[in-house]
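Undergrad: Need coordinates for the below:
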Amino acid sequence: MSGTITINSNDLLNAVYPQLKSQITKEPEVARQPYSYIIYTDGTKYYAKNGATGQIDFSGTDASTVIQNSINQLGTNGGKIFVKSGRYTITSTITLQPAIDLEFERNRVRIDCNVSPTFNVTASNPIHFIKISGGYFGSSKSGINIFYITGQGNFILEDMMFYGDYSTQRNILPIRIVVYNNYFHVKISNIHAYSKYFIRIEKDPTYPVPRQSVMINNVTWYNDFTNGIMIDIYTNSYGLYNISASNIYGYYTGTGISMTTENTGFIYFTRFNNVFLQTNKGIYINASGGEVADAFFSNVSLYPQGANSYGFYATGKIHSIEADQLSIQFPSDSGVTGIAILPTEQNYTRGGHFIFSNIRLYDVASNQYSIVTNSNVHDSVFAGSYLYLEYAQIQGTNVRTISPFSVRTGKASFSGDGSTTQFKIAHGLSLTPSKILVTPGSNDAKGNFYITADNNYIYINYATAPPSGSNNVILYWYAEI
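TA: Next up is the predicted model:
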């Protein structure tokens, strides 16, 4: 069968043009994902493509507006927004809505944060279920809060890098969390910051919070300016509970981990595991205006830097602190303190009870203190195979210190003269022994005597002077700090 097929050019154009038009502003395809919106940039313009229809719903020269319009369009039902490779400048605060999953393409997206806060989660919505992942976040401005999170709900922040401009001393705060109300849970993981501060957790002063948790895992912080804080756990009223952090690495100056309370606030049940801090000051706890209790540390390596620094310092209304496998390497600078436990109260709920086990203190010099306590420390233990006590000030009552250097034994021989009733033995310990045992080793050493001691000597005090003789008073002794 033969014939002629006639094609009207206008009909062909009308059939093909819609597809050609959609390709004009269409970026290269990515693997099909259930994205609600795909945001990308082309030159100086930004686009938000609807993941369901393939149409460009929003576009413009302001990245903040394009991203915010996409979030607002999803409403309370939420959705997943994918931000493709490129550089995005944020000039107005982006408010995150409930159930938003905001994903930045791994290692391909740079966000210039020129407004504070850059990303904001408000307390107006009851449950958030927000997840943000990926991206490089930086700023050339000083005092920028990048992520400001408050409210009640569940939040995840992961796989991010933060950096501040050198000329502004990297004075940015990457993550600020204000615990606002009940059922508040935050997970932070795989984060690196090159900034003056890192993570700050605080408590809104208006609401008690009986149910909350903050989990931090695998974070690295680097800073070369003073007063840098890696994790600042702060409250000014009521309390914070259940804060755990593991795989923490902090470098250079500033304070590694800081826990501070004000007014009547309190911090309970904090746990830190696998911590490496090469910072000016390692771990700092100050409960002078509140209370810190039930803090647990394990597998912690501290390398305090510079003069007048410290490894582990705690003061105020502190109670029940435990540390296991705590290692402190002392620098050559003067005035360094390894462990300082200085509670301001001694009662059942606040002050006194501390257990530091498997302690390792290295290179303690005569101008440094290995351990410093005060009289409010009680029912506490300091133990370790490399625990140096030569330079210590332990004033607490019922404090046990156990190390290879905390026990001394020996045999002492004296020549009696028939009138001397006190004999003293140099025990070689840096502190007054808490346990002393003296056994007569000769017949002339027998008799009624009592024992006293100080930081240098054991004193054997006889009721009746031993008889005269040459090395006739033999005593075997044991002393333990």
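
Undergrad: going forward, measure contacts and count neighbours with C-alpha atoms only.
TA: Noted.

Undergrad: Residue 327 and residue 357 touch, don't they?
TA: No - between residue 327 and residue 357 there is no contact under CA atoms under 8 Å: 10.3 Å.

Undergrad: Who does residue 259 form a beta bridge with?
TA: Here residue 259 shows beta-bridge partners residue 233, residue 285, assigned using DSSP bridges.

Undergrad: Could you check how far it is from residue 109?
TA: Counting by CA to CA, to the nearest Å, the separation of residue 259 from residue 109 is 33 Å.

Undergrad: cool, residue 355 as well?
TA: Residue 355 is 46 Å from residue 109, by CA to CA.

Undergrad: what's the span of stretch 344-363, first residue to last?
TA: One end of stretch 344-363 sits 30 Å from the other (CA to CA).

Undergrad: Report the rounded mean pLDDT for that stretch.
TA: Computed over stretch 344-363, the mean pLDDT rounds to 82.

Undergrad: So that it lines up with my notes, have the first residue be 54 from now on.
TA: From this message on, residue numbering opens at 54, which makes the last subject stretch 397-416.

Undergrad: And for it, what's in contact with it?
TA: Contacts with stretch 397-416, where a contact means CA atoms under 8 Å, 6 or more residues apart in numbering, come from 341, 344, 346, 368-384, 391, 396, 423, 429-441.

Undergrad: And it, what's buried?
TA: By neighbour count with 16 or more other CA atoms under 10 Å, stretch 397-416 contains the buried residues 397-399, 403-415.

Undergrad: From these, which land in strands?
TA: Counted as lying in strands by DSSP state E, out of these, are 407, 408, 409, 410, 413, 414, 415.

Undergrad: Now do the contacts for residue 341.
TA: Neighbour list for residue 341: 314, 315, 368, 369, 370, 397 [criterion: CA under 8 Å, 6+ apart].

Undergrad: what about the nearest residue to residue 468 once chain neighbours are set aside, how many neighbours?
TA: Closest residue in space to residue 468, ignoring its immediate chain neighbours: residue 524 at 4.2 Å, by CA to CA, 6 or more residues apart in numbering. Neighbours of residue 524 under the rule other CA atoms under 10 Å: 13.

Undergrad: Okay, buried residues for stretch 440-459 please.
TA: 440-449, 452-456, 458-459.

Undergrad: which one among the contacts of residue 341 gets closest to residue 512?
TA: Closest to residue 512 out of those is residue 397 (33.3 Å), distances taken as CA to CA.

Undergrad: from the contacts of stretch 397-416, which would you call buried?
TA: For the contacts of stretch 397-416, buried by 16+ other CA under 10 Å: 341, 344, 346, 368-384, 391, 396, 423, 429-431, 433-437, 439-441.

Undergrad: Which ones among those map onto strands?
TA: 341, 344, 346, 368-382, 391, 396, 423, 431, 433-436.

Undergrad: In the sheet, which strands lie alongside the helix or strand harbouring residue 215, parallel or antiparallel?
TA: Counting by DSSP states H and E, the element that carries residue 215 is strand 197-217. Here strand 197-217 has these sheet partners by DSSP bridges: strand 172-174 (parallel), strand 183-186 (parallel), strand 189-192 (parallel), strand 225-247 (parallel).

Undergrad: what's the spacing between whichever helix or strand comes after the longest one and its chain's center?
TA: Read that as strand 225-247. Where DSSP H and E defines the elements, the next helix or strand beyond strand 225-247 is strand 250-256. Computed by CA atoms, centre = their mean, to the nearest Å, the chain-centroid distance of strand 250-256 equals 10 Å.
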